[in-house]
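# Fold the following, please.
(one chain, ligands or ions: 2)
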Amino acid sequence: MKAVEILVVMLLSFDVLGAEDLIKPIPESIEVDISKVRLGKKLFFDPILSRDGTISCSTCHDLQEGGDDNLKFSFGIKGQEGNINAPTVYNSVFNFRQFWDGRAKDLKEQAIGPIENPLEMGHSLQGAVQALKKSRGYSKEFEEVYSDGLTQENIVDAIAEFEKALITPNAPFDRYLKGEEEAVNSQVKKGYQLFLSKGCIICHHGVNVGGNFYNKFGVFQDANSSNLGRYNVTKREEDKYLFKVPSLRNIAKTSPYMHDGRSKTLKKAVLLMSQYQLGREIKPEEIDLIVIFLESLSGLIPGIAK
Ligand code: HEC
Ligand code: HEC
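Numbering: from 1, shown residues only. Ligands and ions are numbered 1, 2, ... in the order given. Model (predicted):
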């Protein structure tokens with residue numbers, strides 16, 4: 001048995017019902033520098049960051065919806081299709097690393113990725129600085145916020161600060177965790193008990209109900225992934241098909257699911273999890289209850305995103 005399978009079997013034999021505090025509510029607010037947030041917001045919505053001026057961060061991360069684009073794969077400049085599903089930007093500040101394979105250590109490092117990805121915005125950070133210098137008052141705005149003005153470093157710093165503010169507190173389930181007994185109905189509570197007893201909690205826990213470590217996609221059954229996951233970064237055999245366990249926050253709003261967008265519905269996603277990650281059968285009516293629980297993880301879109 002591989003190490004990860006042993007871990008799952010070991011954890012499954014624990015009384016996971018004792019682990020109820022393993023999902024933590026999202027804090028109501030987070031400390032941010034509001035002038036950086038405002039500048040970062042402007043950049044997030046501005047297609048000027050792409051080489052041909054057609055694609056902004058918000059093209060693929062729609063903040064009025066789930067913070068993703070509801071596509072299997074996203075489209076970048078010149079109509080080019082990507083090869084991995086766009087996750088939500090909401091609550092990404094709580095993930096231990098960024099990207100499915102964890103190749104960025106934080107939001108600042110992450111923001112360079114799409115700007116320089118030829119399939120996404122196809123620019124260079126240096127090119128973005130040049131474009132911003134030529135445009136509507138950006139130089140002045142940067143100078144007001146940063147002592148060294150408009151630089152590559154400050155572009156990603158401002159974007160990352162805006163993303164820190166993109167948190168969605170007060171989901172019904174969080175209100176329940178905080179003591180509001182009536183915030184969720186009995187079906188949600190049953191679904192949550194199943195989420196614990198079936199073992200989903202082993203991988204999906206913490207503030208983000210995920211986002212804390214890597215796990216193999218396909219522990220008990222080959223998941224036929226074409227993407228090698230963490231292996232792309234480390235080139236270590238044991239890292240093949242390891243992905244960052246995704247957050248389940250606002251999951252009802254971010255179909256399709258999995259790194260390759262293979263499941264359109266949450267029902268299907270939960271079914272795949274029971275087969276690939278848990279190696280156990282979960283009855284259809286139990287899956288329905290787990291889905292109802294997952295739907296209670298949708299929080300409030302913050303004012304700053306509107
Ligand atoms: C063309 C579509 C596209 C554009 C434009 C785009 N993204 Fe993304 N974003 C993606 C995809 C696809 C991924 C997943 C890539 C991966 O994991 O390899 C992603 C991942 C992320 C993540 C990591 C989330 C996580 O849970 O790991 C963050 C944060 C993010 N993008 C923010 C941004 C910001 C900020 C911008 C603008 C500078 C941006 N994105 C532009 C498609 C896009
Ligand atoms: C052993 C760890 C593990 C367990 C147990 C587990 N998951 Fe997952 N889950 C993952 C990983 C890893 C992924 C990412 C798969 C991929 O590569 O696309 C994932 C993906 C998901 C997704 C899709 C998320 C998205 O944004 O696309 C959902 C929904 C989900 N899991 C729900 C559950 C539920 C419900 C259970 C219990 C029935 C469960 N998981 C059990 C590790 C686990």
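# so which strand or helix has the residue lying closest to residue 191 once chain neighbours are set aside?
In space, residue 191 comes closest to residue 293 once its chain neighbours are excluded; the distance is 2.8 Å by Cβ to Cβ, 6 or more residues apart in numbering. (C-beta placed from N, C-alpha, C; glycine too.) Taking DSSP states H and E as the criterion, the element that holds residue 293 is helix 284-295.
# Check the offset of that helix from the chain's centre.
21 Å (Cα atoms, centre = their mean, to the nearest Å).
# and the residue nearest to residue 191, what does it touch?
173, 187, 188, 190, 191, 192, 194, 195 (Cβ atoms under 8 Å, 6 or more residues apart in numbering).
# List only buried entries from the residues you listed.
If you count burial by 16 or more other Cβ atoms under 10 Å, the buried members of those come out as 173, 188, 190, 191, 192, 194, 195.
# what residue ranges in the stretch 101-250 of the chain score low on pLDDT?
Low-confidence segments of the stretch 101-250 of the chain (pLDDT under 70): none present.
# Do a quick rundown of the helices in the stretch 201-306 of the chain.
In the stretch 201-306 of the chain, the segments counted as helices under DSSP state H, counting those that start in this stretch are 231-234, 266-276, 284-295.
# which stretch among the ones you listed comes nearest ligand 2?
Each of those has some distance to ligand 2 by Cβ to the nearest ligand atom; the shortest is helix 266-276, at 3.6 Å.
# Could you name the helices and strands sitting against the closest one?
Of the remaining helices and strands, those touching helix 266-276 by 3 or more Cβ pairs under 8 Å, 6 or more residues apart in numbering; DSSP states H and E are helix 284-295.
# Please determine how far the spatially closest residue to residue 124 that is not a sequence neighbour is located from residue 152.
Distances taken as Cβ to Cβ, 6+ apart put residue 116 closest to residue 124, at 5.9 Å, once the chain neighbours are dropped. Remark: distance between residue 116 and residue 152 (Cβ to Cβ, to the nearest Å) = 11 Å.
# just residue 285 next, same as before
Residue 285 sits 54 Å away from residue 152, going by Cβ to Cβ.
# Those two: which has the busier surroundings?
Taking neighbours as other Cβ atoms under 10 Å, residue 285 and residue 152 compare with residue 152 leading, 14 against 9.
# OK, contacts around the more buried one?
Residue 152 makes contact with 125, 126, 128, 129, according to Cβ under 8 Å, 6+ apart.
# show me the contacts for the first one.
Looking back up the chat, that one is residue 125. By Cβ under 8 Å, 6+ apart, the contact list for residue 125 reads 112, 115, 116, 152, 155, 156.
# Using the record's domain definitions, break this protein down for me.
What the record gives for the chain is the domain set 3-27+168-305, 34-164, from automatic domain parsing.
# I'd like to know which of the ones you listed lies nearest to ligand 1.
With Cβ to the nearest ligand atom as the yardstick, what comes closest out of those is domain 34-164 (2.8 Å).
# and that closest one, how far out from the chain's middle?
With Cα atoms, centre = their mean as the basis, domain 34-164 stands 15 Å off its chain's centre.
# can you count the residues close to the nearest residue to residue 225 once chain neighbours are set aside?
Using Cβ to Cβ, 6+ apart and skipping residues adjacent in sequence, the residue nearest residue 225 is residue 241, 5.2 Å away. For residue 241, the tally of surrounding residues (other Cβ under 10 Å) stands at 20.
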